[in-house]
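A.B. asks: prediction below, plus the sequence it came from.
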Amino acid sequence: MSFESELKNGNFCIPECIECKEIVWPPTDFCSKCFGKISLKRGDFEGKILEFSKKEDEFFCVVEFYEKIRIMAKMLQTPKIGDSVKISKCGISDGSYFFEVS
Amino acid sequence: MTRVGIAAYGITPFSTDDNKIETELFKSVKNLFEKNPQINRDVIDTVLVSTNNNSKYLGPILAEMADIQPKTAHSIESLCNSGTNSIVSAYSYIASGLAEMVLVSGAERYDSPGQILEWDNSRGEFKHPIFWASIFSKSYKREFSISEEQLALVSVKNHRHAKENPNAISKKTYTIEDVINSKKLTEDLRLLDCSRPCTGSASILLASEKITKEFSEKPVWISGIGQKTTSAGFTKNISFNSMESSKIAGQTALNMANCGIDQIDVAEIHDAFSVCEPMALEALGFSKPGEGMKTIEELENTNEFKINPRGGLIGSGHPLGATGIAQTIEITQQLQSDANKRQVDNAKRGLVHNMSAAATSSTVLVLER
């Protein structure tokens, strides 16, 4: 079970090192600190909006989880800096990840 | 350790031409040797090619095309700062004694694959550079209460400078209203806020002190080098309104050159987008945090060419692998008093700032005459 196979099924997981418990981002096969193996944490994770802009009718935001993981995600509602959001949709399309938060 | 100098350079106009990368590379090399017939090509023992193009073996190919049989020939790629990374590699070859004279040639096509960093999946579907530039612009405007009209001045200034640069892709000048009314790419970015990917080539010949003095009547020396890579992914930037890698690279280069930023007479700044120029000026110490636009307004009001005299990336165009070399050529011309209408009076020391992928990696050079 890899981060990408989960993401393909619409599940956003948090990669964590089995040995040192470090959150590893972007996801890789081994921990970037101690090179330990990675496990995936499932959950309904809450992130915080750090910054955003807008293209046509869609907002795009930088969202941070656990002060470690940052992604760029689409948002349909008007974002506010510091607002808490959750991933409502995610996956892989044409080789690229995509995320939507609400 | 020998000093490393700039013995010669060649550059041709940037364009949207659909040339093969090999053809484009050769253009500036031809220009270099035609302008400097005194240079003995047998002395060149290394050929480095700076590009993001996917063609292979370009170092040896260029060497064969230019009738050079070097000891070493290879390519260097680091997205938008490939050019100065190649110059740093050339410097290292010479300073270590592995080479006496290095030809560094950069080229890119308008459709370069280096424009998008496919690896950076943290950006989700927003991988095009306009998205990180929009985040930088929004964050910078919010943090320092800067308006989009103020930021537009960067584009106005650099297009005006580019008009005096015969190799620049832009030949037009624009007003602040023109920039604001240009195509809205995102809420925080207009078309004229952006540098334009293009086809272009630039070449430079670096050499040991002895050989530089032999071949150049007006030698220019590389006295400072600073490099820093903080990450590869855009979202790892600790701030979206400052440039950490540029700050560290700048301090390192100035320390090596044993000078302060107030002793820099002219600088080429990596203005991939309007907001990058004030952010870089602040990171390098030309301006206090949040006062980069104030510096740019003062330069514009006094018609000074001190920052981005050739028109920056916005006015000149941005052929990725050639950009850092073209910036270095501009500073060389300035220090040799050969910059014509762009000339900054009595320029003795200059700086080149070249960065990659949303300032995750920066290279800064200090040049002296």
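C.D. replies: Sure, I can see it.

A.B. asks: where does residue B:192 fall, phi/psi-wise?
C.D. replies: phi -80, psi 0 (degrees, to the nearest 10).

A.B. asks: ok, it to chain A distance?
C.D. replies: Remark: distance between residue B:192 and chain A (C-beta to the nearest C-beta, to the nearest Å) = 17 Å. Bear in mind the C-beta positions are built from the backbone N, C-alpha and C, glycine included.

A.B. asks: give the other helices and strands that the helix or strand containing residue B:282 contacts.
C.D. replies: Applying DSSP states H and E as the criterion places residue B:282 in helix B:276-284. Contacts defined by 3 or more C-beta pairs under 8 Å, 6 or more residues apart in numbering or on different chains; DSSP states H and E place helix B:276-284 against helix B:129-144, helix B:148-162, helix B:244-257, helix B:292-301, strand B:349-356.

A.B. asks: chain A: which of the ones you listed is closest?
C.D. replies: Chain A lies closest to helix B:129-144 among the helices and strands packed on helix B:276-284, at 4.0 Å (C-beta to the nearest C-beta).

A.B. asks: and the closest one, how far out from the chain middle?
C.D. replies: Here helix B:129-144 is found 21 Å from its chain centre; the criterion is C-alpha atoms, centre = their mean, to the nearest Å.

A.B. asks: pull out the buried positions in that helix.
C.D. replies: For helix B:129-144, the neighbour count (16 or more other C-beta atoms under 10 Å in any protein chain shown) marks B:129-141, B:144 as buried.

A.B. asks: that one vs chain A: in contact?
C.D. replies: Yes. Helix B:129-144 is in contact with chain A by C-beta under 8 Å from any C-beta of the partner chain, via B:131, B:134, B:135, B:137, B:138, B:139.

A.B. asks: which parts of the stretch 151-300 of chain B sit against chain A?
C.D. replies: Counting by C-beta under 8 Å from any C-beta, the stretch 151-300 of chain B sits next to chain A at B:185, B:186, B:187, B:188, B:189, B:233, B:234, B:235, B:236, B:240.

A.B. asks: any idea how far the last one lies from residue B:291?
C.D. replies: As judged by C-beta to C-beta, to the nearest Å, residue B:240 and residue B:291 stand 18 Å apart.

A.B. asks: the more surrounded of the two?
C.D. replies: residue B:240 (23 against 16; other C-beta atoms under 10 Å in any protein chain shown).

A.B. asks: what's the pLDDT at residue A:70?
C.D. replies: Turning to residue A:70, the model gives it a pLDDT of 97.

A.B. asks: what's it in contact with, if anything?
C.D. replies: Applying C-beta atoms under 8 Å, 6 or more residues apart in numbering or on different chains to residue A:70 gives the contacts A:25, A:50, A:62, A:63, A:64, B:122, B:235, B:236.

A.B. asks: narrow those residues to those that are buried.
C.D. replies: A:25, A:50, A:62, A:63, A:64, B:122, B:235.

A.B. asks: what sits closest to the second one if chain neighbours are left out?
C.D. replies: The spatial neighbour of residue A:50 that comes closest, neighbours along the chain excluded (C-beta to C-beta, 6 or more residues apart in numbering or on different chains), is residue A:62 at 4.5 Å.

A.B. asks: wait, residue A:71 touches residue A:96, no?
C.D. replies: No. Using C-beta atoms under 8 Å as the test, residue A:71 is too far from residue A:96 to be in contact (12.0 Å).

A.B. asks: can you tell me the SS state at the most centrally placed residue in chain A?
C.D. replies: In chain A, the residue lying closest to the centroid (C-alpha atoms, centre = their mean) is residue A:71, at 5.3 Å. Following DSSP: H, G, I helix; E, B strand; the rest coil, the label given to residue A:71 is strand.

A.B. asks: can you tell me how far it sits from residue B:140?
C.D. replies: Taken as C-beta to C-beta, the span from residue A:71 to residue B:140 is 21 Å.

A.B. asks: for chain A, just list every one of the strands.
C.D. replies: For chain A, applying DSSP state E gives strands covering A:14-17, A:38-41, A:46-55, A:58-65, A:69-75, A:84-93, A:96-101.

A.B. asks: elements contacting the third one?
C.D. replies: Read that as strand A:46-55. When contacts are defined as 3+ C-beta pairs under 8 Å, 6+ apart, strand A:46-55 sits against strand A:58-65, strand A:69-75, strand A:84-93, helix B:129-144, strand B:184-186.

A.B. asks: change it to 6 Å
C.D. replies: Other elements packing on strand A:46-55 under the criterion 3 or more C-beta pairs under 6 Å, 6 or more residues apart in numbering or on different chains; DSSP states H and E are strand A:58-65, strand A:84-93, helix B:129-144.

A.B. asks: quick one: those as a markdown table, columns for distance to residue B:71 and mean pLDDT too.
C.D. replies: Formatted as a markdown table, these follow (distance: least, C-beta to C-beta, whole Å; pLDDT from 0 to 100):
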| stretch | distance to residue B:71 | mean pLDDT |
| --- | --- | --- |
| strand A:58-65 | 47 | 98 |
| strand A:84-93 | 46 | 97 |
| helix B:129-144 | 37 | 98 |
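
A.B. asks: can you redo the ones you listed as a markdown table with distance to residue B:154?
C.D. replies: Shown next, in a markdown table, are these (distance: least, C-beta to C-beta, whole Å):
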| stretch | distance to residue B:154 |
| --- | --- |
| strand A:58-65 | 23 |
| strand A:84-93 | 33 |
| helix B:129-144 | 11 |
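
A.B. asks: which of the ones you listed sits closest to residue B:6?
C.D. replies: Comparing these against residue B:6 with C-beta to C-beta, the closest turns out to be helix B:129-144 (29.9 Å).

A.B. asks: what parts of chain A come near chain B?
C.D. replies: Residues of chain A lying near chain B by C-beta under 6 Å from any C-beta of the partner chain: A:26, A:51, A:53-55, A:60, A:62, A:70-73, A:96-99.

A.B. asks: any idea how far the residue of the stretch 201-350 of chain B found nearest chain A is from residue A:69?
C.D. replies: Closest residue of the stretch 201-350 of chain B to chain A, C-beta to the nearest C-beta: residue B:235 (3.6 Å). Using C-beta to C-beta, residue B:235 is found at 9 Å from residue A:69.

A.B. asks: thinking again about what came up before, can you tell me which two in the buried ones among the contacts of residue A:70 are farthest apart?
C.D. replies: For the buried ones among the contacts of residue A:70, the maximum inter-member distance is 14.4 Å, found between A:25 and A:50 (C-beta to C-beta).

A.B. asks: just to revisit the earlier point, specify the beta-bridge partners of the residue nearest to residue A:50.
C.D. replies: residue A:51, residue A:72 (DSSP bridges).
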